[in-house]
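Trainee: Sequence and predicted structure below; questions after.
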Amino acid sequence: MRKTVTDREIEERKRALIDGGRELAEKFAASSLGLRERIIVERDGSGLSDRYVRVRPDAPAAAGSVLAVRITGSDGAELNGAICAD
């Protein structure tokens with residue numbers, strides 16, 4: 001006979017997975033501080049790094065441009081980066 005999972009158990013498991021994912025993302029962001037990353041700038045002004053991390057550069061850049069940035073912090077949803085002089 002199959003055991004049925006209650007709605008409460010489903011919600012508890014869902015919350016645990018979401019919280020765990022958020023915690024891992026924060027740890028990953030913290031491990032990126034000070035690193036130099038290469039990003040491809042998208043239309044909204046942010047870019048994706050080689051590690052598929054969303055980074056917001058500290059100055060505007062044209063969509064499609066490739067920038068080198070040093071990771072300076074995080075606002076939770078994305079990392080912040082200072083554009084490096086090449």
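Mentor: Great, that's in hand. Numbers count the residues shown, from 1 in each chain.

Trainee: Can you tell me the element the residue nearest to G76 when sequence neighbours are not counted falls in?
Mentor: Sequence neighbours aside, E26 is the residue nearest to G76 in space, at 7.8 Å (criterion: CB to CB, 6 or more residues apart in numbering). (Each C-beta comes from the backbone N, C-alpha and C, glycine too.) Element membership for E26, per DSSP states H and E: helix 7-32.

Trainee: average pLDDT for that helix?
Mentor: Mean pLDDT, computed over helix 7-32, is 92.

Trainee: Which elements pack onto it?
Mentor: strand 66-74 (3 or more CB pairs under 8 Å, 6 or more residues apart in numbering; DSSP states H and E).

Trainee: For the strand it packs on, could you pull out the residues that count as buried?
Mentor: Of the residues in strand 66-74, L67, V69, I71, S74 count as buried by neighbour count, 16 or more other CB atoms under 10 Å.

Trainee: beta partners for the closest residue to the second one other than its chain neighbours?
Mentor: Ranked by CB to CB, 6+ apart and with sequence neighbours excluded, the top spatial neighbour of V69 is G81, at 3.0 Å. Under the criterion DSSP bridges, G81 forms beta bridges with P57, I71.

Trainee: Output stretch 64-74 as PDB, nothing but the C-alphas.
Mentor: C-alpha atoms of stretch 64-74 as PDB (Å, rounded to 0.1, in the frame of the first residue of the first chain):
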ATOM      1  CA  GLY A  64      26.300  42.200 -26.400                       C
ATOM      2  CA  SER A  65      29.500  43.700 -25.100                       C
ATOM      3  CA  VAL A  66      31.900  41.500 -23.100                       C
ATOM      4  CA  LEU A  67      33.300  43.000 -19.900                       C
ATOM      5  CA  ALA A  68      35.800  41.900 -17.300                       C
ATOM      6  CA  VAL A  69      34.400  42.800 -13.800                       C
ATOM      7  CA  ARG A  70      35.600  42.300 -10.300                       C
ATOM      8  CA  ILE A  71      32.800  41.000  -8.000                       C
ATOM      9  CA  THR A  72      32.200  43.500  -5.300                       C
ATOM     10  CA  GLY A  73      29.100  42.400  -3.600                       C
ATOM     11  CA  SER A  74      25.600  41.000  -3.900                       C
END
